[in-house]
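*Asks:* Everything below, folded, please.
(one chain, ligands or ions: 1)
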Amino acid sequence: MRKRRNWASRTTRAMRMADRPLVLVVDGPNLGRLGRREPDIYGTVTRDGLLGMMAVKAAELGLELETFRSDVEGELVRFINDAAARASALVINPAAYSHYSIALMDAMGAFDGPVLEVHISQVLSREPFRRRMVTAMEADVFIAGAGVDGYLHALDLAARMLSGARGGSGGGER
Ligand code: DQA
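*Replies:* Here you go, the predicted model:
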């Protein structure tokens with residue numbers, strides 16, 4: 001289970017390496033077809049369009065982004081582990097792997113910084129097998145059903161968590 005932490009100290013450490021905190025944005029299988037894949041569920045914004053929207057948002061928030069997408073579970077795990085040391089936060093849509101990948105869940109659990117899991121669709125109101133959320137056990141934040149705007153909300157929240165400014169009961173130390 002995810003431990004709550006004070007992420008502001010994490011920012012300070014990561015920022016020794018970069019002026020702006022680096023946020024990893026990781027997408028799982030089939031998300032490369034965003035915009036064309038089941039647009040009634042996932043919308044018409046393509047992944048390139050989404051990356052453009054995120055780049056604008058990241059610039060506004062003073063974040064640096066590194067994006068990665070793969071259809072292969074092991075490649076996602078390897079990317080997260082290899083990039084973890086230089087990154088301050090992780091925004092991830094594990095796609096179908098969300099429902100059964102313990103390997104990805106473990107990589108998220110080992111990530112030392114806020115982990116924000118995003119789903120474009122409202123997974124809990126879809127088929128029963130999508131209600132089984134495995135990777136989300138290791139997410140600090142879970143966003144579902146906001147469309148691609150969920151990624152932008154995740155960046156907003158990541159910036160707030162890294163600055164220690166997030167309100168509510170979810171982000172602080174106890
Ligand atoms: C998804 C939901 C998953 O159930 C599905 O397998 C996806 C996309 C979403 O963003 O809504 O590929 O993660």
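*Asks:* can we go C-alpha only for contacts and neighbour counts from here?
*Replies:* Fine.
*Asks:* which residue ranges form the helices in the chain?
*Replies:* Using DSSP state H, the helices of the chain run over residues 8-14, 39-42, 47-61, 73-83, 102-110, 149-163.
*Asks:* Quick check: buried residues in the second one?
*Replies:* Along helix 39-42, the positions that meet the burial threshold by neighbour count (16 or more other C-alpha atoms under 10 Å) are Y42.
*Asks:* One more: the third one?
*Replies:* Of all the residues in helix 47-61, those buried under the rule 16+ other C-alpha under 10 Å are R47, L50, L51, M53, M54, A55, K57, A58, L61.
*Asks:* same deal with stretch 25-32?
*Replies:* For stretch 25-32, the neighbour count (16+ other C-alpha under 10 Å) marks V25, V26, D27, G28, P29, L31, G32 as buried.
*Asks:* how long is that stretch end to end?
*Replies:* Using C-alpha to C-alpha, to the nearest Å, the end-to-end distance of stretch 25-32 comes out at 13 Å.
*Asks:* contact partners of that stretch?
*Replies:* Stretch 25-32 is contacted from outside by 37, 47, 65-73, 76, 90-97, using C-alpha atoms under 8 Å, 6 or more residues apart in numbering.
*Asks:* do stretch 39-47 as well
*Replies:* So stretch 39-47 is contacted by L31, G32, R33, L34, G35, R36, I120, S121, G147, V148 (C-alpha under 8 Å, 6+ apart).
*Asks:* is it anywhere near the ligand?
*Replies:* No. Figure legend: stretch 39-47 not in contact with the ligand (C-alpha under 6 Å from any ligand atom); closest approach 6.7 Å.
*Asks:* Same check on stretch 104-112?
*Replies:* No. Using C-alpha under 6 Å from any ligand atom, stretch 104-112 stays clear of the ligand, coming no nearer than 13.5 Å.
*Asks:* Could I get the average pLDDT for that stretch?
*Replies:* Averaging pLDDT along stretch 104-112 yields 97.
*Asks:* Over to stretch 137-146?
*Replies:* On average, stretch 137-146 scores 98.
*Asks:* Can you pull the residues of the protein lying near the ligand?
*Replies:* By C-alpha under 6 Å from any ligand atom, the part of the chain that sits against the ligand consists of N30, N93, P94, A95, A96, H119, I120, S121, V123, R130.
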